[in-house]
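# here are the coordinates; sequence isn't available:
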């Protein structure tokens, strides 16, 4: 049983942890912070009020669940992450999360050239 609280870089590094079939008691909270303190900022960028998560209360429920057998973490998603573009918290039970978005590439016909048209 593990609860990892960190920023967006770590969530991608944890891919194997959440795809292994025997790792069903691992949880990840990936927020808009570099590491600590938890809040609404990444460097100088303010992610807004929606970025604030009561991480302390969430961790207290996690510890109560496992150390006191309280059941306080039942029903919690295995992965909770902050989506930067939408500026909102999302959750999933698998990583990478399903339901991605489309990316559109365009150029004037000279993609990846020395002139930088792509």
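That came in fine, so what should we check first? The shown structure was predicted, so the numbers you read here are calculated from the model rather than taken from an experiment.

# scan this structure for its longest helix.
helix 55-67 (DSSP state H).

# ok, residues contacting the helix or strand following that one?
The C-terminal neighbour of helix 55-67 among helices and strands, as given by DSSP states H and E, is strand 79-83. The contact list for strand 79-83 (C-beta atoms under 8 Å, 6 or more residues apart in numbering) reads 8, 11, 18, 27-32, 47, 51, 53, 88-95, 97. In short, each C-beta sits where N, CA and C put it, glycine included.

# redo that, cut-off 7 Å
11, 18, 28-32, 47, 51, 89-93, 95 (C-beta atoms under 7 Å, 6 or more residues apart in numbering).

# in this structure, which spans are strands?
2-6, 26-30, 41-42, 45-46, 79-83, 88-92 (DSSP state E).

# looking at those strands, spot the one closest to residue 58.
Among these, the nearest to residue 58 by C-beta to C-beta is strand 26-30 (6.8 Å).

# quick revisit: tell me the angle the longest helix of the chain makes with strand 26-30.
Computed by axes from the mean of the first three to the mean of the last three C-alpha atoms, to 10 degrees, the angle separating helix 55-67 from strand 26-30 equals 180 degrees.

# and helix 55-67, what's its mean pLDDT?
Mean pLDDT, helix 55-67: 91.

# any idea how far residue 63 is from residue 69?
11 Å (C-beta to C-beta, to the nearest Å).

# around the nearest residue to residue 43 once chain neighbours are set aside, how many other residues sit close by?
Leaving aside its sequence neighbours, residue 43 sits nearest to residue 34 (C-beta to C-beta, 6 or more residues apart in numbering; 7.0 Å). Residues near residue 34, counting by other C-beta atoms under 10 Å, number 13.
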